[in-house]
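In: got a sequence here, can you model it:
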Amino acid sequence: MLGFIDALWSTIVALAPSLLLGLLLAGLLHVFVKKDRVLTHLGKPGFRSSAKAALVGVPLPLCSCGVLPAALGLRRDGASMGAVTSFLISTPQTGVDSIAVTWSILGWPIALAKVIAAFVAGILGGTIADRVGNGSENQGTRPACTEIETGSLPRRIWNYSFNGLFRDIYGWLAIGIVISALITTFLEPGQLSEFTVLNGPLGLLAALAIGIPLYVCSVASVPIAAGLIYAGFPVGSALVFLMAGPATNAATMGAVRKTLGTKVFLVYILTVIIISLAAGGILNSLNVSVSQAYHTEHAMNSITGLLSIAAGVFMISGMAWFAFREFLNLRLKSSGKGNGQETVKFVVNGMNCSKCEMAVNTALNKLPGILNVTASAGKDTVVLALDSGSKFDRVEAVRTIRELGYDVRGE
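Out: As a prediction, this is how the structure comes out:
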């Protein structure tokens with residue numbers, strides 16, 4: 001048990017400084033990069049629009065749950081089918097936060113390979129999508145995330161980076177850290193390397209099979225990939241997981257097929273598969289050794305300064321805070337039912353991330369008679385705890401949600 005706790009803490013210390021730096025850079029990009037200027041470059045079908053979309057998407061810190069509404073927003077604003085597909089493919093695999101963490105934990109060869117592969121995959125998939133897509137697909141079944149932009153510049157950066165991005169990924173990041181710590185605790189370094197079959201195509205396919213259905217953001221995929229290398233998988237297999245895991249999952253694949261059509265969906269998924277396998281094979285052929293690429297073992301067994309400790313404490317505190325808030329919301333919901341407090345539940349389609357939840361919560365909390373709002377993007381529900389002594393206007397609540405761009409119906 002002590003060994004697991006030590007591995008857990010060492011993984012956190014190794015991740016935290018790069019993660020926090022990446023989140024800060026993400027907030028700066030969000031505030032200072034003007035979206036209207038981006039859209040003007042993505043309207044014409046063809047190679048150039050796909051290349052520009054990939055160039056825009058690579059540094060953006062959006063996971064697969066957040067990239068879909070953003071991509072559909074680009075589509076509604078006039079971006080070509082190829083640009084949207086390129087953005088969908090390249091964006092969730094990377095992000096400045098993920099690049100920083102990958103460089104710190106796995107070394108620059110894998111970080112650079114991931115960026116190049118994501119860029120190439122985006123361009124290739126987008127160019128092909130422009131040729132096979134007929135433009136008749138539904139472009140607006142789900143609205144783009146509603147972003148709340150209030151307060152001073154530091155506050156806006158903080159809200160986007162930590163109240164938004166970090167809140168979106170903290171749960172999956174925690175799962176990734178735990179998996180990495182478990183691998184480190186229960187497997188000896190390189191233990192799986194004795195299975196030489198994993199050094200060939202089978203190892204790449206195994207990583208692909210793990211990554212495609214799994215929902216994991218690009219940052220959370222890094223400690224899992226580090227654990228795979230630690231256990232003896234080749235670096236190419238880790239790269240396949242780093243690409244396929246964040247770019248695909250069961251929910252995203254279904255949404256892409258529904259909103260962009262079957263042809264574009266096939267382009268999207270086949271491009272991710274082919275480019276990830278090719279990139280993994282190339283990285284293996286370059287003989288990037290474990291000692292060159294995998295610096296986590298040193299990071300996991302040493303604390304290199306007060307800044308790393310402070311970053312680790314900050315990251316744990318943030319995770320605990322958001323977990324406590326979710327627990328508190330559940331308790332308020334359950335206690336309201338136990339006390340006979342009236343609750344109203346709506347099914348709301350279109351919420352995709354914490355920013356959507358925040359928009360709904362903020363708008364509904366301004367209405368009279370509402371004590372608490374619990375919006376869940378994962379469950380597509382909004383539950384209202386009502387003050388029995390006040391008048392609640394159900395029609396006004398529905399109108400408020402619809403004005404934000406979401407479809408709503410009562411239960």
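In: rest of the way, CA atoms for contacts and neighbours
Out: Will do.
In: residue boundaries of the strands in the stretch 251-400 of the chain?
Out: 343-349, 370-376, 381-386 (DSSP state E, counting those that start in this stretch).
In: closest one to residue 234 among those strands?
Out: Closest to residue 234 of the strands of the stretch 251-400 of the chain is strand 370-376 (Cα to Cα; 38.9 Å).
In: adjacent strands (with direction) for the closest one?
Out: Here strand 370-376 is paired, per DSSP bridges, with strand 381-386 (antiparallel).
In: what's the angle between the partner strand and strand 343-349?
Out: Going by axes from the mean of the first three to the mean of the last three Cα atoms, to 10 degrees, strand 381-386 is angled at 160 degrees with respect to strand 343-349.
In: count the residues that sit near residue 19.
Out: 25 (other Cα atoms under 10 Å).
In: returning to what we had before: I'd like to know which of the strands of the stretch 251-400 of the chain is closest to residue 327.
Out: strand 370-376 (11.4 Å).
In: still on that earlier bit, compare the strands of the stretch 251-400 of the chain and give me the one nearest residue 226.
Out: Per Cα to Cα, nearest to residue 226 of the strands of the stretch 251-400 of the chain: strand 370-376, 31.6 Å.
In: show me which residues of the closest one are buried.
Out: Neighbour counts over strand 370-376 (16 or more other Cα atoms under 10 Å) mark 370-376 as buried.
In: about what we covered before: compare the strands of the stretch 251-400 of the chain and give me the one nearest residue 51.
Out: Short answer: strand 343-349, nearest of the strands of the stretch 251-400 of the chain by Cα to Cα, at 31.7 Å.
In: touching, residue 228 and residue 240? I think so.
Out: No. Residue 228 lies out of contact with residue 240 (Cα atoms under 8 Å); the separation is 11.3 Å.
In: can you count the residues close to residue 159?
Out: A total of 20 residues lie near residue 159 under the criterion other Cα under 10 Å.
In: list phi and psi for it.
Out: Main-chain dihedrals, residue 159, degrees, to the nearest 10: phi -60, psi -40.
In: which one's more surrounded, residue 228 and residue 240?
Out: More crowded of residue 228 and residue 240, by other Cα under 10 Å: residue 240, with 33 against 24.
In: secondary structure element holding that one?
Out: helix 235-247 (DSSP states H and E).
In: for that helix, packing partners?
Out: Contacts defined by 3 or more Cα pairs under 8 Å, 6 or more residues apart in numbering; DSSP states H and E place helix 235-247 against helix 81-90, helix 108-132, helix 201-211, helix 218-231, helix 262-285.
In: chain center to the shortest one: distance?
Out: Which is helix 81-90. 16 Å (Cα atoms, centre = their mean, to the nearest Å).
In: how many degrees apart are the helix or strand just after that helix and helix 218-231 in direction?
Out: Following helix 81-90 in sequence order, the next helix or strand is helix 96-106 (DSSP H and E). For helix 96-106 against helix 218-231, the angle by the same axes, to 10 degrees is 10 degrees.
In: with just CA atoms, put helix 96-106 into PDB.
Out: Extracted in PDB, the C-alpha atoms of helix 96-106 (Å, rounded to 0.1, in the frame of the first residue of the first chain):
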ATOM      1  CA  VAL A  96      -0.500  22.900 -25.200                       C
ATOM      2  CA  ASP A  97      -1.200  21.300 -21.800                       C
ATOM      3  CA  SER A  98      -0.800  17.800 -23.200                       C
ATOM      4  CA  ILE A  99       2.300  18.700 -25.200                       C
ATOM      5  CA  ALA A 100       3.900  20.100 -22.100                       C
ATOM      6  CA  VAL A 101       3.100  17.100 -20.000                       C
ATOM      7  CA  THR A 102       4.200  14.600 -22.700                       C
ATOM      8  CA  TRP A 103       7.500  16.400 -23.100                       C
ATOM      9  CA  SER A 104       8.100  16.400 -19.400                       C
ATOM     10  CA  ILE A 105       7.100  12.800 -18.700                       C
ATOM     11  CA  LEU A 106       7.900  10.900 -21.900                       C
END
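In: got the contact list for residue 211?
Out: Residue 211 makes contacts with 240-242, 244-246, 248-249, as judged by Cα atoms under 8 Å, 6 or more residues apart in numbering.
In: if we go to 7 Å?
Out: For residue 211, the contact set (Cα atoms under 7 Å, 6 or more residues apart in numbering) comprises 241, 244-245.
In: packing partners for the helix or strand containing residue 156?
Out: Assigned by DSSP H and E, residue 156 belongs to helix 153-158. Contacts defined by 3 or more Cα pairs under 7 Å, 6 or more residues apart in numbering; DSSP states H and E place helix 153-158 against helix 2-32.
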